[in-house]
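[1] Would you be able to build a 3D model of this:
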Amino acid sequence: QVQLVESGGGLVQAGGSPRLSCAASGRTFSSYAMGWFRQAPGKEREFVAAISGSGGSTYYADSVKGRITISRNNAKNAVYLQMTSLKPEDTAVYYCAASTTFPRTSYRGYAYWGQGTQVTVSS
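    Purely as a prediction, here's the structure:
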């Protein structure tokens, strides 16, 4: 079992570069691929990025490619989402999630979820 807790969200100006963090519990963190999703009001949960258990492979949604970087530190049981050049349309609740396979772009492929962290981008 993996428990996930996101942090780092908040109110950001357009063009800003916040970094989201996700702290994981459990001694098998490196055996899980990790993903970030986001959900805006009235919209479906959307895949953002994923990273393999070792951290050696990453996968991004086309909508964020070039602006967002996913990384992980297995020694700290943490995964990160570095965002740059934020736009108002990036406003959403951002979730981290754990999966046993990589890459998974559907939320159905993730067994464990954090509670989410709100990112609001002001224009």
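[2] Show me the residue at the heart of the protein, geometrically.
    The residue lying closest to the centre of the chain (CA atoms, centre = their mean) is residue 36, at 2.4 Å.
[3] show me the contacts for that residue.
    20, 22, 48-50, 70, 79, 81, 94-97 (CB atoms under 8 Å, 6 or more residues apart in numbering). Backbone N, C-alpha and C define where each C-beta goes, glycine included.
[4] Cross-check the contact I'm expecting between residue 29 and residue 74.
    Yes - using CB atoms under 8 Å, residue 29 makes contact with residue 74 at a distance of 6.0 Å.
[5] Between these two, which is the more surrounded one?
    residue 29 (22 against 15; other CB atoms under 10 Å).
[6] on that earlier part again, look up how far residue 27 lies from the residue nearest to the centre of the chain.
    Distance, residue 36 to residue 27, using CB to CB, to the nearest Å: 22 Å.
[7] Would you double-check that residue 89 falls in a helix?
    Yes - judged by DSSP: H, G, I helix; E, B strand; the rest coil, residue 89 forms part of a helix.
[8] And stretch 31-45, what's buried?
    32-38, 45 (16 or more other CB atoms under 10 Å).
[9] let me redo that: stretch 114-121
    114, 116-117, 119, 121.
[10] what's the answer for stretch 62-80, then?
    64, 68-70, 72, 77-80.
[11] Give me the phi and psi for residue 30.
    Main-chain dihedrals, residue 30, degrees, to the nearest 10: phi -70, psi -10.
[12] ok, for it, nearest residue in space, not its chain neighbours?
    residue 74 (4.3 Å; CB to CB, 6 or more residues apart in numbering).
[13] Can you tell me what sits against stretch 94-109?
    2, 4, 6, 9, 20, 22, 24, 31-39, 45, 47-48, 50-53, 57, 59, 61, 79, 81, 110-119.
[14] buried residues in that stretch?
    94-99, 102-105, 107, 109.
[15] would JSON lines of those with pLDDT, secondary structure and distance to residue 86 be doable?
    Compiled in JSON lines, the buried residues of stretch 94-109 are given as follows (pLDDT from 0 to 100; DSSP: H, G, I helix; E, B strand; the rest coil; distance: CB to CB, whole Å):
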{"residue": "94", "pLDDT": "98", "secondary structure": "strand", "distance to residue 86": "11"}
{"residue": "95", "pLDDT": "98", "secondary structure": "strand", "distance to residue 86": "17"}
{"residue": "96", "pLDDT": "98", "secondary structure": "strand", "distance to residue 86": "18"}
{"residue": "97", "pLDDT": "98", "secondary structure": "strand", "distance to residue 86": "21"}
{"residue": "98", "pLDDT": "97", "secondary structure": "strand", "distance to residue 86": "25"}
{"residue": "99", "pLDDT": "96", "secondary structure": "strand", "distance to residue 86": "26"}
{"residue": "102", "pLDDT": "95", "secondary structure": "coil", "distance to residue 86": "26"}
{"residue": "103", "pLDDT": "94", "secondary structure": "coil", "distance to residue 86": "23"}
{"residue": "104", "pLDDT": "93", "secondary structure": "coil", "distance to residue 86": "25"}
{"residue": "105", "pLDDT": "95", "secondary structure": "coil", "distance to residue 86": "22"}
{"residue": "107", "pLDDT": "94", "secondary structure": "helix", "distance to residue 86": "22"}
{"residue": "109", "pLDDT": "95", "secondary structure": "helix", "distance to residue 86": "26"}
